[in-house]
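Chemist: How does the following fold in three dimensions:
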Amino acid sequence: MTSDSDLRPAFSPDVPPEPLPTVSTQPPRAARNQAGRAAREIIETLLLAALIFFLVRLVVLNFRVDGGSMLPNLDNGEMLLVNRNAYEHVDFSGSSYYPFDPPQRGDVIVFNPPTNSDKPYIKRIIGLPGEEITFSDGHVFIDGKPLEEDYIPDRTRCGRSDTCDVVVPPDNVYVLGDNRGNSQDSRVFGAVPVGNIIGKAWLSYWPPDDFGFVPHENYAPAAASSAPAVATP
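Modeler: Modelled structure (predicted):
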């Protein structure tokens, strides 16, 4: 039998009870650091993507072919990348200096037409500054020599307007659509100032079947001209 002197209280008033275990609502330091790094990486990725997009836009623009004036070589709805810096040049002492190639015959270009159109046009350069462009027997003549164009199926005709038999002015190019029977081009609105050129068609990327570089057409030596790409006044 236990005496009263052997009984002990469950706790002593002089010793405070042990605190109950608690659960912290704050994430561990390692988890906070990991979340911070993830957020920082996402921001850096977005900034890098924006920078790349901005730099790409400084070099190329994308355009969609609207219409059939460049058939059979470019289809309606075809998506293109256009090199906007292809013809960058510096004007000095009345002459134009090109770090790359100047506009050349056979280039496919996107340009603002000298009309009231609110959309750019896409055509092929046929005549260069200083060259005489004439039409006869369904062919284009450059300085009296026929231009061999095996990339188009149609014959080229032009009426007797002021824009048919012309000498291309300085700092201008003469452009034609590949679909000669259905194209509003220099036969209608005349030569195009080089300053109106937005860029040179570079790459077709849609639809996938048309993926590839937009070809530059070459011509027989008989049609080559010794005229400079951009004549000075």
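Chemist: For stretch 161-171, list the C-alpha coordinates in PDB.
Modeler: Provided in PDB are the C-alpha atoms of stretch 161-171 (Å, rounded to 0.1, in the frame of the first residue of the first chain):
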ATOM      1  CA  SER A 161       1.200  53.000-123.300                       C
ATOM      2  CA  ASP A 162       4.000  55.200-121.900                       C
ATOM      3  CA  THR A 163       5.000  52.400-119.500                       C
ATOM      4  CA  CYS A 164       5.700  49.800-122.100                       C
ATOM      5  CA  ASP A 165       8.600  51.000-124.100                       C
ATOM      6  CA  VAL A 166      10.700  52.900-121.600                       C
ATOM      7  CA  VAL A 167      14.200  53.600-120.300                       C
ATOM      8  CA  VAL A 168      14.300  52.800-116.600                       C
ATOM      9  CA  PRO A 169      15.100  56.000-114.700                       C
ATOM     10  CA  PRO A 170      18.000  56.200-112.300                       C
ATOM     11  CA  ASP A 171      17.400  54.600-108.900                       C
END
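Chemist: for that stretch, what is the average pLDDT?
Modeler: Stretch 161-171 comes out with an average pLDDT of 90.
Chemist: before we move on, what about stretch 123-136?
Modeler: For stretch 123-136, mean pLDDT is 96.
Chemist: What residues of stretch 180-200 count as buried?
Modeler: Under the neighbour-count criterion of 16 or more other Cβ atoms under 10 Å, stretch 180-200 has 180, 183, 185-187, 190-192, 194, 196-200 buried. For glycine as for every other residue, the C-beta is placed from the backbone atoms N, C-alpha and C.
Chemist: Tell me which of these fall in helices.
Modeler: In this view, the buried residues of stretch 180-200 that belong to helices under DSSP state H are Ser186, Arg187.
Chemist: which one of the buried residues of stretch 180-200 is nearest His216?
Modeler: Lys200 (8.8 Å; Cβ to Cβ).
Chemist: The longest strand seen in the chain - contacts with which helices or strands?
Modeler: Identified as the longest strand of the chain according to DSSP state E is strand 197-206. Using 3 or more Cβ pairs under 8 Å, 6 or more residues apart in numbering; DSSP states H and E, the elements in contact with strand 197-206 are strand 60-64, strand 79-83, strand 108-111, strand 212-213.
Chemist: one more time with 7 Å, if that's ok
Modeler: Taking 3 or more Cβ pairs under 7 Å, 6 or more residues apart in numbering; DSSP states H and E as the contact definition, the neighbouring helices and strands of strand 197-206 are strand 79-83, strand 108-111, strand 212-213.
Chemist: Reformat the ones you listed as JSON lines; add mean pLDDT, mean neighbour count and distance to Tyr205.
Modeler: As requested, the helices and strands packed on strand 197-206 are arranged in JSON lines below (pLDDT from 0 to 100; neighbours: other Cβ atoms under 10 Å; distance: least, Cβ to Cβ, whole Å):
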{"stretch": "strand 79-83", "mean pLDDT": "94", "mean neighbour count": "20", "distance to Tyr205": "6"}
{"stretch": "strand 108-111", "mean pLDDT": "96", "mean neighbour count": "22", "distance to Tyr205": "15"}
{"stretch": "strand 212-213", "mean pLDDT": "93", "mean neighbour count": "10", "distance to Tyr205": "9"}
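Chemist: Thanks a lot, catch you later.
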